[in-house]
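Novice: Sequence and predicted structure are below.
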Amino acid sequence: MNLRSIVPDEVPAPARLFLCGTVLNGIGNGVFSVVIQLYLISLGLSSSSLGSIFMMNAIGAAILTIPVGILADRYGKKRITLLGLASVAISVTLILTTRSVEMFMVGFLVLGVSNAAGVVFSPLYSSFFDREDMDKAFGLWGSLNIVTMSMGSLLGFIPPFLVKNYGFSLQASYWIFLAVGSFFFVSQYLFYLMSIQGTTEPVKEGGFNFTLSSRGFVLKFGLISLISAASYGIFIGLFPFYVNRKFGIESDALGILFFASNFVSAGAQAVAPRISKEMGALRTIVVSIGLATPFYLMMPLAPSFAWLSALYIARLGFVTLAQPLLNSTFMKHLGDEEKSTANSIRMMSMQGGSVIGPWLGGQLMERASLNLPAYLGGGLYAVLTVLTFFLLGNVGGRIGFKPLQVLETACEDTLRSDSKPTPLAD
């Protein structure tokens, strides 16, 4: 593959520092995504407790995302990044030192503050590149994040190794693994802060106010982001719990699955700009989610973990095509002075879906059926496909794009929403 087709011609030094932070974030996310639910299960927590705990992460982010975005546009990204560093340090300390559901909920609530502070990352990263390189830049960011998540996920073999060869309990080995992931989570912020040094930030004049010139544009993204996050969180967000209860899977097999699926996802993110150039961005997003839908709906029918893994990878490969296009096009059509505010609205919508999804999924798994959330999540994917087509198909002309005409006219670039949130810090 010609790397020039998926990598910007120039990656400036601040962007390289930012991407170093992305590497650490990806490894930390990979570690947490494999082991956090298994660790909580080892403490005797139920699916409803897990849903309530993860819901707090989204609640913290949803409450603070818009205020943080406005503050970032008003006072600059560096102060908000320092807020993210402080909150993630407090959060992982609480998670590693408690065994009560209530304190886990507090820890994840504080983690939501760091996720809210992450509203500055897309605007910051976009400021390092010219408009014509934006699709490639976000494709590079997404691919690198997913590849490093794969590396972190592959380390899931370590807890069973510690149990087998060194006599650790499974619970203790999970705790050690989480502590390693926490180190990566905290360390990433050092590189983000270094990337901000020397940049010129477009800071608003005046007091704390809410001004947004692209309200309709942003609100459509917000609705799609909410449904996307809910469809993910209701089942995929509790996937480790599901496979542990249904097939007895532990972190080693789960880590291998995440490793393989993340590499497929990274490849999808890397080629997304090329597919978008041929098909049009809106067509790419609609078709990719539509193709992912049947694989989602078939997951509860899988007779074994091997079949479930194949369906999981296929679903992720298709839906991930949308991610860099969602981010890059959204940022391309916002003024620098409103990027953080607009992105905060999109993220708040996403977090709203992340509140609903895990809580509802956990309740349904405990009170109705392990499989029911998968059917609901797949159904929401189908709704999302249709909604994206109709909501975004008529706005292309307003922002300088060709509108979509049935499914025959390609949209060179169009707006869209966030897709999947990262497990803990997206």
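Specialist: Yep, that arrived.
Novice: any low-confidence regions in the stretch 1-150 of the chain?
Specialist: For the stretch 1-150 of the chain, residues meeting the criterion pLDDT under 70 lie at 1-6.
Novice: cool, the stretch 301-426 of the chain as well?
Specialist: Within the stretch 301-426 of the chain, the segments meeting pLDDT under 70 span 326, 329, 333, 335-337, 340, 393-426.
Novice: Would you map the helices across it?
Specialist: Along the stretch 301-426 of the chain, counting by DSSP state H, counting those that start in this stretch, helices occupy 305-319, 323-332, 339-367, 372-392.
Novice: any chance of those in JSON lines, plus mean neighbour count?
Specialist: C-beta: built from backbone N, CA, C; applies to glycine. Listed next are these as JSON lines, based on neighbours: other Cβ atoms under 10 Å:
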{"stretch": "helix 305-319", "mean neighbour count": "20"}
{"stretch": "helix 323-332", "mean neighbour count": "25"}
{"stretch": "helix 339-367", "mean neighbour count": "25"}
{"stretch": "helix 372-392", "mean neighbour count": "20"}
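Novice: Would you tell me which of those gets closest to residue 66?
Specialist: helix 339-367 (4.6 Å; Cβ to Cβ).
Novice: Can you name every helix or strand that the closest one contacts?
Specialist: Secondary-structure packing of helix 339-367 (3 or more Cβ pairs under 8 Å, 6 or more residues apart in numbering; DSSP states H and E): helix 47-75, helix 101-117, helix 121-126, helix 215-233, helix 239-247, helix 323-332, helix 372-392.
Novice: In a markdown table: these, plus distance to residue 158.
Specialist: Converted to a markdown table, the helices and strands packed on helix 339-367 look like this (distance: least, Cβ to Cβ, whole Å):
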| stretch | distance to residue 158 |
| --- | --- |
| helix 47-75 | 22 |
| helix 101-117 | 22 |
| helix 121-126 | 29 |
| helix 215-233 | 27 |
| helix 239-247 | 16 |
| helix 323-332 | 28 |
| helix 372-392 | 29 |
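Novice: quick revisit: quick one: closest of the helices of the stretch 301-426 of the chain to residue 37.
Specialist: That would be helix 339-367 among the helices of the stretch 301-426 of the chain, by Cβ to Cβ, at 10.5 Å.
Novice: before we move on, the earlier item: so which of the helices and strands packed on helix 339-367 is the most packed in?
Specialist: Among the helices and strands packed on helix 339-367, helix 323-332 has the highest mean neighbour count (mean count of other Cβ atoms under 10 Å), at a mean of 25.
Novice: For the helices of the stretch 301-426 of the chain, please prepare JSON lines with the additional fields distance to residue 116.
Specialist: Below are the helices of the stretch 301-426 of the chain laid out as JSON lines (distance: least, Cβ to Cβ, whole Å):
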{"stretch": "helix 305-319", "distance to residue 116": "24"}
{"stretch": "helix 323-332", "distance to residue 116": "17"}
{"stretch": "helix 339-367", "distance to residue 116": "7"}
{"stretch": "helix 372-392", "distance to residue 116": "24"}
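Novice: Which one, of the helices and strands packed on helix 339-367, ends up nearest to residue 355?
Specialist: helix 47-75 (4.3 Å).
Novice: need the next SSE after the closest one, C-terminal direction.
Specialist: Per DSSP states H and E, the first helix or strand lying C-terminal to helix 47-75 is helix 77-97.
Novice: elements contacting that next one?
Specialist: Packing partners of helix 77-97 (3+ Cβ pairs under 8 Å, 6+ apart): helix 47-75, helix 101-117, helix 170-196.
Novice: Need these in TSV (columns: distance to residue 282).
Specialist: Formatted as TSV, these follow (distance: least, Cβ to Cβ, whole Å):
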stretch	distance to residue 282
helix 47-75	25
helix 101-117	28
helix 170-196	31
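Novice: Of all these, which one comes closest to residue 240?
Specialist: Set against residue 240 and scored by Cβ to Cβ, these come closest in helix 47-75, at 9.3 Å.
Novice: buried sites along the host helix or strand of residue 252?
Specialist: If you go by DSSP H and E, residue 252 is part of helix 251-279. By 16 or more other Cβ atoms under 10 Å, the buried positions in helix 251-279 come out as 251-276, 279.
Novice: Which residue comes closest to residue 20 once chain neighbours are left out?
Specialist: Nearest residue to residue 20, sequence neighbours excluded (Cβ to Cβ, 6 or more residues apart in numbering): residue 191, at 4.4 Å.
Novice: you'd agree that neighbour is up against residue 14?
Specialist: No: using Cβ atoms under 8 Å as the test, residue 191 is too far from residue 14 to be in contact (10.1 Å).
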